[in-house]
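Peer 1: Pasting the sequence and the predicted coordinates here, then a few questions.
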Amino acid sequence: MIDIISIIKISFSALRVNKMRSALTSLGIIIGVGAVIIMLAIGSGANKQISEQISSMGSNLLIVLSGATSSGGVRMGSGTMPTLTFQDAESIKQESQSVSNVAPILSEVGQVVFGNQNWSTQITGTTPDMLIVRDWYLSAGRMFTLEDVKNATKVCVIGQTVALNLFGDLDPIGRTIRIKGVPFLIIGSLESKGQSARGQDQDDTIIIPITTAQKKLFGTQFPGMVRMIMVKAKDSEVLYAAEKEVAAILRERHHIGINQEDDFSVRNLTETMQMAQQSSNVMAFLLGAIASVSLLVGGIGVMNIMLVSVTERTKEIGIRMAIGAKIWDIRLQFLIEALILSMAGGIAGIIIGVAGANSLGSVAGWAIEISPMSILLSFSFSGIVGIFFGFYPAYKASLLNPIDALRHE
């Protein structure tokens, strides 16, 4: 009967005899496991960041953009010419059965001044539905009302970046700022949203009634037109139905024939997020696969060193066989030695990988996510590598003839 405990003790004793060789043998596994954890952490972090950034724009969200067709029949990019109107947004809200909220959008960059402080920011004209559509909340004050939109009132709600740069620690509510030279009363401030999927600061914004933007701020080059329309479906189950309804309503309003191209485009952010996640998953898989190559190279290193060890310890193997060690005793001893080297390298690689991933995230400012599953997989893989690449040296050692082994010098 095989005495596993004794064989493990013998294996540890054999590895302690050549501590430096054992450490160098494990080095390939350490580098491989560490690289796998770092690459998976980068991939998972990027995936999570993309999901959070797209989700921050709002849930169950459709974005309708202008997309004009030139006289030559060439399709131009979305948003090149204004083809959407405030009335389009109103019709979508009234006629679509799958839509809960609609927010028409007008925006441009403008200079904002308070006292001797000034800041360039995104000025967005919209309706009160904007907060619901974008899943945005107020940190203080209130949102402007439909009455404010009707009367084109000069009131605004500001983002956290604007508040910080204009007011510092002061409470901005109730104060008057000048947007492009026009005075506006601050009635509310938004909670922080962070960066968008494109890396833009969503908190660097000021929201005003869309009619105020049209009549008193942005001019009348395209009267009644809007840059985009944000549409929120009632729930995720009717999102695709809402997309079809919005397209049908706009085609009817814009008198677009069956064989004519739309002068608008409807973008489904859920589809955008799914495609972005798929791309991120592929990238994470490729990064992990590339890093796994170094782990396999480390396994080959373990096998080579174990083969050298078998050759050097031929006489020892012969003595053990002569005093009663069975073939499986020898085979198991060398297999356990390879497994110990790989598992020890795996543990050290995990420590280095976790520390390296966190350091890289701090220094480079990357999103890093280390999942317990990636650690478990890396550790398990190091064990599998040890068994796989340790089997041949162990098998070779067990086939030695005891008499020939004792004669070996």
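Peer 2: Okay, I see it.

Peer 1: Do you have the helices of this protein handy? List them.
Peer 2: With DSSP state H as the criterion, the chain has helices at 4-17, 19-55, 86-95, 129-133, 146-151, 160-167, 210-212, 239-253, 269-312, 314-322, 327-364, 372-398, 402-407.

Peer 1: Pull the distance from the second one to the chain's centre.
Peer 2: Computed by CA atoms, centre = their mean, to the nearest Å, the chain-centroid distance of helix 19-55 equals 16 Å.

Peer 1: what is the mean pLDDT for it?
Peer 2: The average of the pLDDT scores along helix 19-55 is 84.

Peer 1: elements contacting it?
Peer 2: Helix 19-55 is packed against helix 269-312, helix 327-364, helix 372-398, with contacts defined by 3 or more CB pairs under 8 Å, 6 or more residues apart in numbering; DSSP states H and E. C-beta here means a position set from N, CA and C on the backbone, and glycine is covered the same way.

Peer 1: can you redo these as a markdown table with mean neighbour count, mean pLDDT and distance to residue 166?
Peer 2: Listed next are these as a markdown table, based on neighbours: other CB atoms under 10 Å; pLDDT from 0 to 100; distance: least, CB to CB, whole Å:
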| stretch | mean neighbour count | mean pLDDT | distance to residue 166 |
| --- | --- | --- | --- |
| helix 269-312 | 17 | 82 | 31 |
| helix 327-364 | 20 | 90 | 30 |
| helix 372-398 | 19 | 89 | 44 |
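
Peer 1: Next, find the distance separating the residue nearest to residue 283 when sequence neighbours are not counted from residue 364.
Peer 2: Counting by CB to CB, 6 or more residues apart in numbering, residue 283 lies nearest to residue 43, which is 5.9 Å off, once chain neighbours are set aside. Residue 43 is 14 Å from residue 364, where distance means CB to CB, to the nearest Å.

Peer 1: cool, residue 329 as well?
Peer 2: Distance from residue 329 to residue 364, by CB to CB: 51 Å.

Peer 1: now swap in residue 278 and tell me
Peer 2: Going from residue 278 to residue 364 by CB to CB gives 24 Å.

Peer 1: do residue 391 as well
Peer 2: From residue 391 to residue 364 the distance is 40 Å (CB to CB).

Peer 1: And residue 39, by the same measure?
Peer 2: Look at residue 39 and residue 364: by CB to CB, they are 14 Å apart.

Peer 1: Quick check: residue 163 touching residue 189?
Peer 2: Yes. Between residue 163 and residue 189 there is a contact under CB atoms under 8 Å: 5.5 Å.

Peer 1: Now residue 137, what are its backbone angles?
Peer 2: For residue 137, the backbone dihedrals (degrees, to the nearest 10) come out as phi -120, psi 160.

Peer 1: Which residue comes closest to it once chain neighbours are left out?
Peer 2: residue 191 (4.7 Å).

Peer 1: Now do that neighbour: how many residues are near it, please.
Peer 2: Residue 191 has 13 neighbours, counted by other CB atoms under 10 Å.

Peer 1: Contacts only, for it.
Peer 2: Contacts for residue 191 (CB atoms under 8 Å, 6 or more residues apart in numbering) come out as 136-139, 160.

Peer 1: May I see the PyMOL selection of the buried members of these?
Peer 2: In PyMOL syntax, the buried subset of these is picked out as below (16 or more other CB atoms under 10 Å):
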select buried, resi 136+160
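
Peer 1: Just give me the closest of the contacts of residue 191 to residue 232.
Peer 2: residue 136 (11.6 Å; CB to CB).

Peer 1: Skip the chain neighbours and tell me the closest residue to the closest one.
Peer 2: Of all residues not flanking residue 136 in the chain, residue 190 sits nearest, at 6.0 Å (CB to CB, 6+ apart).

Peer 1: Would you mark the buried spots in the strand ranked longest in the chain?
Peer 2: Secondary structure of the chain per DSSP state E: the longest strand is strand 99-114. Neighbour counts over strand 99-114 (16+ other CB under 10 Å) mark 99-107, 110, 112, 114 as buried.

Peer 1: cool, and stretch 149-164?
Peer 2: 149, 152-164.

Peer 1: Pull up the distance across it, start to finish.
Peer 2: 27 Å (CA to CA, to the nearest Å).

Peer 1: From the chain's centroid, how far away is that stretch?
Peer 2: On CA atoms, centre = their mean, the centre of stretch 149-164 falls 31 Å from that of its chain.

Peer 1: repeat for stretch 201-214
Peer 2: For stretch 201-214, the distance to the chain centre is 28 Å (CA atoms, centre = their mean).

Peer 1: pLDDT (mean, whole number) over that stretch?
Peer 2: On average, the pLDDT along stretch 201-214 is 93.

Peer 1: where does the residue nearest to residue 136 land on pLDDT?
Peer 2: 96.

Peer 1: Touching, it and residue 135? I think so.
Peer 2: No. Between residue 190 and residue 135 there is no contact under CB under 8 Å: 11.6 Å.

Peer 1: Between those two, which has more neighbouring residues?
Peer 2: More crowded of residue 190 and residue 135, by other CB under 10 Å: residue 190, with 26 against 15.

Peer 1: Against residue 143, how distant is the more buried one?
Peer 2: Taking CB to CB, one finds residue 190 at 9 Å from residue 143.
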